[in-house]
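> Please work out how this folds:
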Amino acid sequence: MNASTGDNFHNTIAPWLTISQDAKAIEFYKSAFAATEVYRYDSQTGGSVVRLSVQGAEFWVSEESEKAQILFLRVALEQHLEQPLLLVRRQRNVNM
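Okay, the predicted model is just below:
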């Protein structure tokens with residue numbers, strides 16, 4: 001509940017990755033992290049905007065554009081697990 005308004009809604013902050021080969025990256029996240037698509041928009045120009053979820057932890061991936069190249073930003077994704085070795089085994093089986 002939002003204390004200031006009394007409304008019942010949930011706010012989140014999620015990383016947004018702008019990548020030159022978004023389709024390849026999306027498939028990697030699905031394979032390596034068992035990510036699932038929560039939302040997808042495919043533009044007529046071939047790019048896409050996808051929200052992915054890894055066990056409820058969501059992030060966005062989209063195709064890089066000329067406008068996005070104005071600002072350089074490095075983003076790191078961390079995944080905290082109860083059984084990290086299971087993820088390591090899964091990632092070793094993924095070919096990029």
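> for the protein, what spans make up the strands?
16-19, 36-42, 48-54, 57-63 (DSSP state E).
> By residue count, tell me the biggest helix in the protein.
helix 22-33 (DSSP state H).
> Dump the lowest-mean-pLDDT helix or strand in the chain to CSV, restricted to CA.
Within the chain, confidence by mean pLDDT, DSSP states H and E is lowest for helix 84-92 among all helices and strands, at a mean of 74. C-alpha atoms of helix 84-92 as CSV (Å, rounded to 0.1, in the frame of the first residue of the first chain):
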residue,chain,number,x,y,z
PRO,A,84,24.3,-21.6,-6.8
LEU,A,85,25.9,-24.7,-8.2
LEU,A,86,22.6,-25.6,-10.0
LEU,A,87,22.9,-22.3,-12.0
VAL,A,88,26.6,-22.9,-12.7
ARG,A,89,25.8,-26.3,-14.2
ARG,A,90,23.0,-24.8,-16.3
GLN,A,91,25.3,-22.0,-17.6
ARG,A,92,28.1,-24.4,-18.6
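> Which strands or helices does that helix pack on?
helix 22-33 (3 or more Cβ pairs under 8 Å, 6 or more residues apart in numbering; DSSP states H and E). C-beta here means a position set from N, CA and C on the backbone, and glycine is covered the same way.
> Which positions in the helix it packs on come out as buried?
22, 25-26, 28-30, 32-33 (16 or more other Cβ atoms under 10 Å).
> Now do it against strand 36-42, angle only.
180 degrees (axes from the mean of the first three to the mean of the last three Cα atoms, to 10 degrees).
> Sounds good, over and out.
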